[in-house]
Every structure is written in structure tokens, then in C-alpha cells.
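*Asks:* Structure for this input, please:
(chains A and B)
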Amino acid sequence: MVGSLYSLVGLGIVVIYKSTHVFNFAQGGLLMVGAYLAWCFMEQVGTPVWLGLICGLASAVIIGFLIERFGMRRLVGQPILSLIIVTLGLQAFIDGVVTLFWGDNNYLVYPKFIPPNPVEFLNIILSLQHIIIFFITMFVIALFILFFHYSKWGLDMRAVAEDHQASMCMGISTKTVFILAWVIATLLAYIGGVLLGSINGVSTTLHHIAGNCFPVVLLGGLESIPGVLIAGLIVGVLEYISGLYLDPIVGASTREIVPYIILVLVLIIKPYGLFGLVRIERI
Amino acid sequence: MLSLNNVEVMFNKVILVLRGVSLHVPPHSIVALLGANGAGKSTTLNAITGLIKTELGEVTEGTIEFEEKSLIKMSTEKIAQGGLVQVMEGRRLFAHLTVEENLRVGARAKREKSSMKEDLEMIYTYFQGS
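*Replies:* Model (predicted):
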């Protein structure tokens, strides 16, 4: 389940990178603010759960649009270090805004819209909540893949990901594609934030979970959608296994270190990640 | 009719790369622009289609008009949708898209609303047996 959430959130990073060549270090912040917005509508405003989730979704769309329109668009073509600093700054800005509105010592809880009951399957006790979250995640990812591969907008996004200038010469609006990329990434982060918040509660530590998505994205390949899906599951399993078997031996938590160790080992052999696209540059 | 009059292009507001370029392409004609390496042929084409903006270039003097519309402030994609398409040098294919997807992307700039399916069939007849 955790691996599938890593894939979902990491997918947002890949979508933005493929289209705009910007590595979004603020994906964790978007995840966190999405979780808070959903809680705000459901608990503070008092809307029904379904309406609160929809309002949160709409807010995520607006946030993604605003970030691209008034922030990232101005940085197209700028040095990569500038882009990295801006997304790091955006993460810090989001942290500040969340702390300003909701404080940083709160642990907020959603109304129970996903049943937490345990279920038994083949003599194994499973959490129904985790199963539902897994299937929701897979459904959203499948929906995105269908959109990306079979819709006109998806084709435009893939063309822009290949070659900005050639796409523009073909009449594709790169500005629209950039907006779409950021909106989709924010939506994916929102969904991930809501699902994570439904398990762990909503707090300012949520964005740290997105930090675990960075090895997922790099392991799978920065421009590979199948890669991030598989890598998310790999990292999720590795975290679970290391927590179960290595923690007692080491005497400390190895869950967050093991993915990075595996990432380094893989990158030594495959520098572009497991499924990354090898770019050949003709001089 | 494509018409350039006394066009001047600068990069980064400092480097002057074109000065006093004039060019006229009447309808239904082919015009060849010849020049030595670095003379400014590609820059002229990029200025017409707006691609110099992606390289921090701008047209600082003169006019560029196509069908009596000025192209200087238009985006590249709007110029392409208006019927003026630049075929870029080198194999600027979309390498990770399929052949059909490459053709579909190429059809984005079509102004006539004819069926894409018919156009694809026509293209495929060029390569019958392949």
C-alpha cells in the first residue's frame, strides 16, 4: 500500500519533469497542503465528506495552475540550479502557509470515510483501509496512463516531453502543456495526501513522506512512468522488509535508509535508473 | 505572402545577429535562402516562426508579416496554427512516439478540418508494402 502511494506521488514528479525538465522538490508540500485542504473543508467548513473532497480537488487544481502561471513559467529556460532553488523555496513557502493557518503541532483527523476494519483472507488479517487505498491508487494511476497514452492532451504532453521546439513548430501550446503538467502533479499529490492523511492523520510531517518518493523516482527513471510505478512498489516492499528483519539486527530504523542504498547500487549499474530514457545528444 | 522588411534580431538584448534583412515569398512560390556558415539563415527562419524567443532572442526592428498579419508578437504555436510551419534541421522526430503518433502531432498545424483518418491513409499509401 505504501509503495503504491509512493508511485502515485512520484508520478507527479515524473509528469512535471517529463514536460518541463523541472524536478519538483515541492511535491511533498503539495501533498501536505492537499491533505490540509481536504480536512479544512470537511471539518472546519463542515461540508459533507464527498463535497469536502471535491472542493479540495478543485483547490488543488487552482493551486497547480497558480504555481505554474505565476511561478514556474517565468523560469522556463533558466539554469537548472535556479529551478531547483525555486522548488525548494516553494516547499518552504508551503510549509510556512500551512503552519500559519493550521499550526505545526496539531494532529488532525479526517472523518472516517474509508472503513478501517480488518478483513481475513486466506488466514491472513489485512486492513480493509489499506486494501481500499491500494485499489484507489491503482485506479488513479491507470486513469492517468489512459489519459497520457490515448488522449489528445496526453499526446501533446508526450510530444512536448520529447522536444519543446519541435512541438511548438507543430502548433502545440507548450504553455498549456506546462499548466496541465503542474495541475496533474498537484492533483496526484492531493489524492496521495488525502489517502495518507486518512491513515496517519494530517500533520506537518506528511511532506516528509514525499521525501521517500525521491529515491522512487530516481530508481525508476526520471522520465519513466512504468519505472516510477514499479520502483514505488519495490521501495515499499524494501521498507517493509528492512523494518521487519534489519531493524532488530541494527537496533535502529533502517526503513528510510535502505531505499537510498538500493538506489545508489542501481545507479552505479544503470545511471538513468531501471527504466530511464537514455538521451543521446548530437553535437 | 510572407514578407520581411529590414528585420533586426538581437540575443540577450546585446548580441546583434541580423541587421537589415528583407525577404518576400509570394504565394505558390519557393524561395531559397542561401548563405555561408553563420550568415544567419537559421536565425532568419527562427525569427519568422518565433523560435528565437526560446533562445532569448527578439526582433528589435523591422516587420515580419504573413497574410497581412504581423508575426513578431505571436507565439510559435499560433504561427504554426496560422499556416506557417518551420521544418527544423536535423531529424527532429519524436523518437519515443510511434509513427502514427508522430503523424498525428504533425497534423496539429492543419488548418483544413479534413479527416485525419483520410490523411493518414494517404500517407500510408506512400509506403505500401513496407
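*Asks:* Distance check, the spatially most central residue of chain B against B:T43.
*Replies:* In chain B, the centroid-proximal residue (CA atoms, centre = their mean) is B:Q86; its distance is 2.3 Å. According to CB to CB, to the nearest Å, B:Q86 stands 12 Å off from B:T43. Using the backbone N, CA and C atoms, a C-beta is placed for each residue, glycine as well.
*Asks:* tally of neighbours for residue 81?
*Replies:* Went with chain A since none was named. 8 (other CB atoms under 10 Å in any protein chain shown).
*Asks:* my question was about chain B
*Replies:* 19.
*Asks:* which stretches of chain B form strands?
*Replies:* Assigned by DSSP state E, the strands in chain B fall at B:2-11, B:15-25, B:57-66, B:69-70.
*Asks:* roughly how far out does the second one sit from the chain middle?
*Replies:* Here strand B:15-25 shows a centroid-to-chain-centroid distance of 16 Å under the convention CA atoms, centre = their mean, to the nearest Å.
*Asks:* Which neighbouring elements make contact with that strand?
*Replies:* strand B:2-11, helix B:41-49, strand B:57-66 (3 or more CB pairs under 8 Å, 6 or more residues apart in numbering or on different chains; DSSP states H and E).
*Asks:* so which of those is the most packed in?
*Replies:* helix B:41-49 (a mean of 20; mean count of other CB atoms under 10 Å in any protein chain shown).
*Asks:* anything in that one near chain A?
*Replies:* Yes - Helix B:41-49 reaches chain A (CB under 8 Å from any CB of the partner chain) through B:T49.
*Asks:* any idea which helix or strand comes after the longest helix anywhere in chain A?
*Replies:* Determined from DSSP state H, the single longest helix within chain A is helix A:174-200. Proceeding N to C from helix A:174-200, the next assigned helix or strand is helix A:206-211, under DSSP states H and E.
*Asks:* can you list the residues that contact that following helix?
*Replies:* A:5, A:9, A:27-29, A:31-32, A:35, A:91, A:94-95, A:189, A:192-193, A:196-197, A:200 (CB atoms under 8 Å, 6 or more residues apart in numbering or on different chains).
*Asks:* The longest helix of chain A: how far from the chain's middle?
*Replies:* 7 Å.
*Asks:* ok so, going back, out of the strands of chain B, which gets nearest to B:A80?
*Replies:* Closest approach to B:A80 among these (CB to CB): strand B:57-66, 11.2 Å.
*Asks:* rewinding a little: now the contacts of helix A:206-211: which count as buried?
*Replies:* Neighbour counting by 16 or more other CB atoms under 10 Å in any protein chain shown classes A:5, A:9, A:27-29, A:31-32, A:35, A:91, A:94-95, A:189, A:192-193, A:196-197 among these as buried.
*Asks:* Now the element after the helix or strand containing A:H130, going C-ward?
*Replies:* Taking DSSP H and E as the definition, one finds A:H130 inside helix A:128-150. Once the chain leaves helix A:128-150, the next helix or strand it forms, by DSSP H and E, is helix A:152-162.
*Asks:* What mean pLDDT does the helix or strand following that next one get?
*Replies:* Remark: after helix A:152-162, the chain's next helix or strand is helix A:164-169, criterion DSSP H and E. Helix A:164-169 shows a mean pLDDT of 88 in the predicted model.
*Asks:* Pull the residues that contact helix A:164-169.
*Replies:* A:156, A:159-160, A:174, A:177, B:49-51, B:54, B:75-77, B:80, B:85-88, B:92, B:94, B:105, B:109.
*Asks:* Which parts of chain B belong to which domain?
*Replies:* Here the domain assignment for chain B is B:2-81, B:93-130, based on automatic domain parsing.
*Asks:* Tabulate those domains (TSV), appending distance to A:G71 and mean pLDDT.
*Replies:* TSV is the format used below for these (distance: least, CB to CB, whole Å; pLDDT from 0 to 100):
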stretch	distance to A:G71	mean pLDDT
domain B:2-81	19	90
domain B:93-130	27	77
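*Asks:* Alright, that wraps it up for me.
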